[in-house]
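> Starting from these lines, generate the structure:
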Amino acid sequence: MLKPSKRIFSLPKYTPGKPIDELERDFGIENAIKLASNENPLGPSPKAKEAIIEAAAKSHLYPDGDSYHLKKAIALREGILPNQIVLGNGSNEVLELIGHCYIEEGNEVLMGEYCFIVYPIVTMLSEGTIVRVDMPNLVHDIASFKSSITESTKVVFLANPNNPTGTIVSTEEIIGFLEFLPKNILLVVDEAYSEYVEPKYKLEVSSMINKYDNLLILKTFSKMYGIAGLRVGYAMGSVDLISNLEKAREPFNVNIIAQEAALAALDDDEHIARSIKVNNEGMLYLKTEISKLGLKTYPSYANFLLLEFPLDANNIYEELLKHGVIVRPLQNYNLSNCLRVTVGIREENQKFLNALKQVLGSIK
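Next up, the predicted model:
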């Protein structure tokens, strides 16, 4: 029998949120909703939809391998140079590029106790050693990160806001950490949800990456920009860092439709403003109603809420499925008594709350 690499045996498998059509097939129901994957409930911007249709006519052509126009637009928005950007087939691919370029056997890789599951996957595939850092109250503790640094540390992953907890650390703390961090250790700040936070919590990209040669800032078009199905993410950093990631990048990794849609999405400030408004109103509504049920939620700076239950939450997750509601169970994140719920539009939030009340009432 052909055996895979030994590291495959201990590799955790990423489990995405259950698709709506699968749930409806399994339970014979209709009008199910998905609040599991932190997608924008408004969908892509109207400009992005138009760009997708136009780009489809060119889909017989290979895409621009360097994503010239998209890089130029991102660079203009962030106040940096195009050669300080690398694009990926989603930010997951960018994380893989980081593993290829900067993690190898003998390297320690720091990450929060409760972090995006792709960080440990990338580390293990690159034969690095995972070092979990305590997160009191589910918040990254920078002091604990500092005390976890050793001579073997090579990369630190820090999502801000953090997934799956939604919690955040201040820009001052991150800057202080960079000042402390030896220059031969790479800090990866994953800002997948940064469009949802107040400006004071966002890193000023231009000044930061030009000052710190060991900093990469990751962003994505899968959340606020509403094109998760097209897979576009990117990293910003020093010219040297990005040059190395470009060497490991596959050619034509961002398809022609994705490039055009992302370019149009960047130009639709009205859709972004509406998305923020819907998220802020939905977040407040969910927090208020969930508190009435006596359940604990954690402060969230993203587009999702972490709910804590007094018992294992998997049964609640399974029962919610029967009501046509998909949320995210978190056993894989060592948070078996929690569920993560994406903020939806008003009708989706109401359906989730009604289902949750019925489920909680049935298990008492």
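> what about the strands in this protein?
Along the chain, counting by DSSP state E, strands occupy 33-34, 85-88, 108-112, 129-133, 153-159, 186-190, 215-220, 233-236, 296-297, 304-308, 325-326, 328-329, 338-342.
> What are the structural domain limits within the chain?
Domain segmentation of the chain under automatic domain parsing yields 6-44+270-363, 46-266.
> residue ranges with poor pLDDT in the stretch 151-300 of the chain?
Applying pLDDT under 70 to the stretch 151-300 of the chain flags no residue at all.
> Please report the distance of residue 348 from residue 86.
Distance check for residue 348 against residue 86: by C-beta to C-beta, to the nearest Å, it reads 35 Å. Bear in mind the C-beta positions are built from the backbone N, C-alpha and C, glycine included.
> Which one's more surrounded, the two?
Neighbours were counted for residue 348 and for residue 86 using other C-beta atoms under 10 Å; residue 86 has more, 28 against 17.
> so that one bridges to which residues?
In this entry, residue 86 is beta-bridged to residue 235, by DSSP bridges.
> quick one: the helices in the chain?
20-27, 46-56, 68-78, 91-102, 118-125, 142-148, 171-180, 205-211, 239-248, 256-266, 269-292, 314-322, 346-363 (DSSP state H).
> could you check the angle strand 215-220 makes with the third one?
Computed by axes from the mean of the first three to the mean of the last three C-alpha atoms, to 10 degrees, the angle separating helix 68-78 from strand 215-220 equals 110 degrees.
> could you say what helices and strands helix 68-78 packs with?
Contact analysis of helix 68-78 by 3 or more C-beta pairs under 8 Å, 6 or more residues apart in numbering; DSSP states H and E lists strand 85-88, strand 233-236, helix 256-266 as its packing neighbours.
> 10 Å instead, please
Helix 68-78 makes packing contacts with strand 85-88, helix 205-211, strand 215-220, strand 233-236, helix 256-266 when contacts are defined by 3 or more C-beta pairs under 10 Å, 6 or more residues apart in numbering; DSSP states H and E.
> Would you mind reformatting those (as CSV) and adding columns for distance to residue 279 while you're at it?
Below are the helices and strands packed on helix 68-78 laid out as CSV (distance: least, C-beta to C-beta, whole Å):
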stretch, distance to residue 279
strand 85-88, 25
helix 205-211, 22
strand 215-220, 16
strand 233-236, 20
helix 256-266, 16
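> For residue 130, which of the ones you listed is the nearest?
strand 215-220 (18.7 Å; C-beta to C-beta).
> Between the strands of the chain, which one is closest to residue 41.
Closest among these, using C-beta to C-beta: strand 338-342, at 7.4 Å.
> That closest one - which strands sit beside it in the sheet, and in what orientation?
Assessed with DSSP bridges, strand 338-342 is paired to strand 304-308 (antiparallel), strand 328-329 (antiparallel).
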